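1. Below are the sequence and a predicted model; questions follow.
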Amino acid sequence: MQDEDKKIVEEIRKDNLLDEKEFNRDEFPMLRNLSTAFMYKFVARPQKEMLPEYVYVDNYYDNYKKKRNTELHVAISQWNIFWEAGQLRYDFFQEDLPKSLKWLKKFRNRNIYLLPYKPNNRYYTYEPLFHLLPLKTRKYFNLPLVKEGIWPFTCDFNFYTNALLPSNFDNKLSQAFAYHIWPLLISGSKIYAFSKNDPIKILAHNLDYWIPYAYKYIENQLANFGRVQFDDKKQVKQLERLRRETPDDIEVNRPFRGGIVWYGEDEAWNATKNIVEIADKNGKLRSIIDAIKSNRIEDDFSDQWSFAKEDFERKIYKKRSKFKVNFVELNNKIPVHSPSSETHENLLWEDFLSILDTKEKRIVVLLKSGVTNLGEIGKILGYANHSPISKSLAKIRLKAQKYFE
């Protein structure tokens, strides 16, 4: 890197990174909105908005030539900033779309969001999630202290991201965001208490799962900002004319005001909680978590102790509905009673024996020891034949069924 480039990088870092000496938890982190009014006087909004879909757009940045595909970049920016139009966006931009976006014609009535894709560095896609993270979390995961973000995506300053962000940004952000949101998913147990294969942990790391709910929260907030005022009486008449010419199922308005979506740690944390609530309402998040909790397996946990692990082990050892017992006669082999009986057989047998009388206990102990011939058991216990043993086994089966089920 030449001296001139180094100076530019240092200036970028100085202007955009937080100076920790000036840190104020009421001012950092922060996310702003760029109002649609900067580009358009009016917006059209469908009365019935379709559910959103999110599509990554590749090749908007040419890594070979080290420069942006300007035509595609502008098209994505215009599409995004006109977010209020929902499924109407294609009707407004169809003539200006570059060749690489002509496929949108097949989905002209779908509410599609276009996400810029750059391998290993999707800062502009995940910008809202990144700017939810407080100072301590960013420092812990070695993420830069970028002062503020802007939604929606409108411009990719490649020199900006190269100067401020690590090459493995996506991976670091995934870890940091999972850590940040975890207390809202499972209380009382740290994220490190679970293995990398735990389904809830995988869900927490999945930034693509969370981004639609973050977008929805931001849009809800902007709706509370109110709409920009008219510049003059001419605009008022223009809007009146547009409304007369527009179908009844489409509403025409001035755009929403822009401004700060969240400002400081408390507002960012409140936004995070609301994003989880939206995920629950629109994506049945709590139902998913409850289903996972109810079907835990041992591989979901790490070696660290946690309340969740303790609860799991208590249920495994104590909850009798987990065991279905069958007595099987196998010559010279110990009977198999359940998939978990070999793993936890001591506790299983000790608890079960407590409900048997003395004779029944002796029969079970002999079975457990490998003596499975009923006549041989009868001889050991002093009976003339195996009939008493057969009757006792029938009683044991009934007791086992009631006990374990």
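-> Good, I have the coordinates. Residues are numbered from 1 along each chain as shown.
2. separation between Thr125 and Val57?
-> 10 Å (C-beta to C-beta, to the nearest Å). (Glycine included, C-beta is placed from N, CA and C.)
3. oh, I was asking about Pro46
-> 23 Å.
4. pLDDT below threshold where in this structure?
-> Scanning the chain for pLDDT under 70 picks out 1-5, 59-68, 157-159, 296-386, 389, 393, 396-397, 399-405.
5. Tell me where it has strands.
-> 30-33, 43-46, 52-57, 61-62, 67-68, 111-116, 149-151, 250-253, 259-263 (DSSP state E).
6. Redo those strands as CSV? Include distance to Ile186.
-> Listed next are the strands of the chain as CSV, based on distance: least, C-beta to C-beta, whole Å:
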stretch, distance to Ile186
strand 30-33, 26
strand 43-46, 38
strand 52-57, 26
strand 61-62, 37
strand 67-68, 41
strand 111-116, 28
strand 149-151, 27
strand 250-253, 41
strand 259-263, 24
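7. For Pro183, find the nearest of these.
-> strand 259-263 (18.0 Å; C-beta to C-beta).
8. now for that closest one, which elements pack on it?
-> strand 30-33, helix 207-223, helix 265-283 (3 or more C-beta pairs under 8 Å, 6 or more residues apart in numbering; DSSP states H and E).
9. how does it look with 6 Å?
-> strand 30-33 (3 or more C-beta pairs under 6 Å, 6 or more residues apart in numbering; DSSP states H and E).
10. Show me the domain layout of this structure.
-> 3-300, 320-404 (automatic domain parsing).
11. Hmm, Leu97 and Leu72 touching each other?
-> No - contact criterion C-beta atoms under 6 Å: Leu72 and Leu97 do not qualify, at 9.3 Å.
12. These two - which one has more neighbours?
-> Taking neighbours as other C-beta atoms under 10 Å, Leu72 and Leu97 compare with Leu72 leading, 22 against 18.
13. Tell me the spacing between the more buried one and Trp83.
-> From Leu72 to Trp83 the distance is 18 Å (C-beta to C-beta).
14. What of Gln175?
-> 29 Å.
15. Please apply the same query to Phe230.
-> Relative to Trp83, and taking C-beta to C-beta, Phe230 is found at 22 Å.
16. Looking at these two, which one has more neighbours?
-> Trp83 (22 against 14).
17. Ignoring the adjacent residues along the chain, who's closest to that one?
-> Pro152 (5.9 Å; C-beta to C-beta, 6 or more residues apart in numbering).
18. Spit out the contact partners of that neighbour.
-> Taking C-beta atoms under 6 Å, 6 or more residues apart in numbering, we find Pro152 in contact with Asn80, Ile81, Trp83.
19. Tell me the one among those residues nearest to Phe141.
-> Asn80 (27.4 Å).
20. Skip the chain neighbours and tell me the closest residue to that closest one.
-> Closest to Asn80 by C-beta to C-beta, 6+ apart is Pro152, at 4.1 Å.
21. buried residues in stretch 126-141?
-> 126-135, 137-138, 141 (16 or more other C-beta atoms under 10 Å).
22. ok, now stretch 30-39?
-> Neighbour-count burial for stretch 30-39 [16+ other C-beta under 10 Å]: Met30, Leu31, Arg32, Asn33, Leu34, Ser35, Thr36, Ala37.
23. shouldn't the third one be in contact with Gly149?
-> No - with contact taken as C-beta under 6 Å, Arg32 and Gly149 are classed as non-touching, separated by 7.1 Å.
24. list residues touching both of these two?
-> What both Arg32 and Gly149 touch, as defined by C-beta under 6 Å, 6+ apart, is an empty set.
25. residues making contact with stretch 257-268?
-> By C-beta under 6 Å, 6+ apart, stretch 257-268 touches 25-27, 29-35, 132, 134, 218, 221, 225-226, 228, 271.
26. What number of residues are in the vicinity of Leu88?
-> Neighbour tally, Leu88, other C-beta under 10 Å: 20.
27. can you give me the helices in the stretch 51-200 of the chain?
-> 70-81, 89-93, 123-130, 135-140, 158-164, 169-185, 199-205 (DSSP state H, counting those that start in this stretch).
28. Can you name every helix or strand that the third one contacts?
-> In terms of contacts (3+ C-beta pairs under 6 Å, 6+ apart), helix 123-130 is packed against helix 169-185, helix 207-223.
29. which of the domains of the chain is buried the deepest?
-> The highest mean neighbour count among the domains of the chain, using mean count of other C-beta atoms under 10 Å, belongs to domain 3-300: a mean of 16.
30. Quick one: distance of that domain to the chain centre.
-> A distance of 15 Å separates the centroid of the chain from that of domain 3-300, by C-alpha atoms, centre = their mean, to the nearest Å.
31. So that it lines up with my notes, have the first residue be 630 from now on.
-> Done: numbering now begins at 630, and the last item shifts to domain 632-929.
32. now the closest residue to Thr790 other than its chain neighbours: how far from Gln867?
-> What sits nearest to Thr790 in space, not counting adjacent residues and going by C-beta to C-beta, 6+ apart, is Tyr752, at 5.4 Å. Relative to Gln867, Tyr752 is positioned 38 Å away (criterion: C-beta to C-beta).
33. Dump stretch 653-661 to CSV, keeping only the CA atoms.
-> The C-alpha trace of stretch 653-661 is given here as CSV (Å, rounded to 0.1, in the frame of the first residue of the first chain):
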residue,chain,number,x,y,z
ASN,A,653,-21.2,7.1,25.3
ARG,A,654,-23.5,4.1,25.7
ASP,A,655,-26.5,6.5,25.0
GLU,A,656,-25.0,7.3,21.6
PHE,A,657,-23.5,4.0,20.3
PRO,A,658,-24.5,1.9,18.5
MET,A,659,-26.8,3.7,16.0
LEU,A,660,-28.7,3.1,12.8
ARG,A,661,-30.1,5.8,10.5
